[in-house]
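Peer 1: Turn this into a model:
(one chain, ligands or ions: 2)
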Amino acid sequence: MIELKGLHKSYITGNNKLHVLKGLDLTIEQGELVSVMGSSGSGKSTLLNVLGILDSYDQGHYKLNNTLMSDLSETKAAQYRNNMLGFVFQSFNLISFKNAMENVALPLYYQGVSRKKRNSIALEYLDRMGLKDWAEHMPNELSGGQKQRVAIARAMISKPKVILADEPTGALDSTTSIEVMDLFREINKEGITMIIVTHEKDISEKTNRIIHLKDGIIETDLISKN
Ligand code: ADP
Ligand code: MG
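Peer 2: Ligands and ions are numbered 1, 2, ... in the order given. Predicted structure coming up:
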């Protein structure tokens, strides 16, 4: 599903070059539930952005579904993102002036699905997240855990093969964090590959495989015992 070989990435700002990913080799099969750990600045978000085709890389290769993800046109990249990938962020990234249902429905709007149809599908997804009664509520009326479940429903609605989550529990209390992780585990059971960046050990322990990044290299890559 995902294959990285000798992947390097640097950021260039002015005259400075910051070498962030220093030759990553990584294979993730369809249906895996993986966490990526590492201290701040170790390159976790950079890796996730490359995997999400939100950012380019300099050397090596990244294959998604056996297709090389380099030199893609913006249209092609968007197609892969929309058809294959779902994103969940620490800060939820909901649109503040749209209600929960409209936020969930948004990916279908970009696919040209009619309002009636996309809202009804969005309601099904909200229902699965236990949020049907909150469909008409605006993001600022929802708790952190509810906002993240809306964001997860939005990531799910385009039926992605892979969900990429960057510190999805970073803004949540520990009880809510565990609830969100249990939800991710359920989603993963449907065969969706999950890659979750976290720096919390008890979050990573809810996944089946733990990858530690250190200074841009994979320090350890271990099957988790659970
Ligand atoms: P992590 O998510 O593990 O905290 P990041 O991947 O965000 O780490 O960042 C790795 C390094 O790259 C950090 O030193 C960070 O400051 C730097 N960095 C991240 N994004 C950019 C960018 N867009 N331009 C320049 N430097 C960046
Ligand atoms: Mg980060």
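Peer 1: Dump the longest helix belonging to the chain to CSV, restricted to CA.
Peer 2: Counting residues, the longest helix found in the chain (DSSP state H) is helix 174-189. As requested, the backbone C-alpha atoms of helix 174-189 are provided in CSV (Å, rounded to 0.1, in the frame of the first residue of the first chain):
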residue,chain,number,x,y,z
SER,A,174,-6.9,11.5,28.3
THR,A,175,-10.4,10.0,28.5
THR,A,176,-11.5,11.5,25.2
SER,A,177,-8.2,10.6,23.6
ILE,A,178,-8.8,6.9,24.4
GLU,A,179,-12.3,7.2,22.9
VAL,A,180,-10.9,8.6,19.7
MET,A,181,-8.3,5.8,19.6
ASP,A,182,-11.0,3.2,20.1
LEU,A,183,-12.9,4.8,17.2
PHE,A,184,-9.7,4.6,15.0
ARG,A,185,-9.3,0.9,16.0
GLU,A,186,-12.9,0.2,14.8
ILE,A,187,-12.4,2.1,11.6
ASN,A,188,-9.1,0.1,11.0
LYS,A,189,-11.1,-3.1,11.4
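Peer 1: Could you list every helix and strand in contact with the helix or strand following it?
Peer 2: Scanning forward in sequence from helix 174-189 by DSSP states H and E, the next helix or strand is strand 193-197. Counting contacts by 3 or more C-beta pairs under 8 Å, 6 or more residues apart in numbering; DSSP states H and E, strand 193-197 is packed against strand 33-37, helix 44-51, strand 162-166, helix 174-189. Any C-beta I mention is one placed from the backbone N, CA and C, and that applies to glycine too.
Peer 1: ok, the first one: who's next to it in the sheet?
Peer 2: For strand 33-37, the paired strands and their directions (DSSP bridges) are strand 193-197 (parallel), strand 209-214 (parallel).
Peer 1: now the longest helix of the chain: mean pLDDT?
Peer 2: Averaged across helix 174-189, the pLDDT comes to 95.
Peer 1: Sounds good, over and out.
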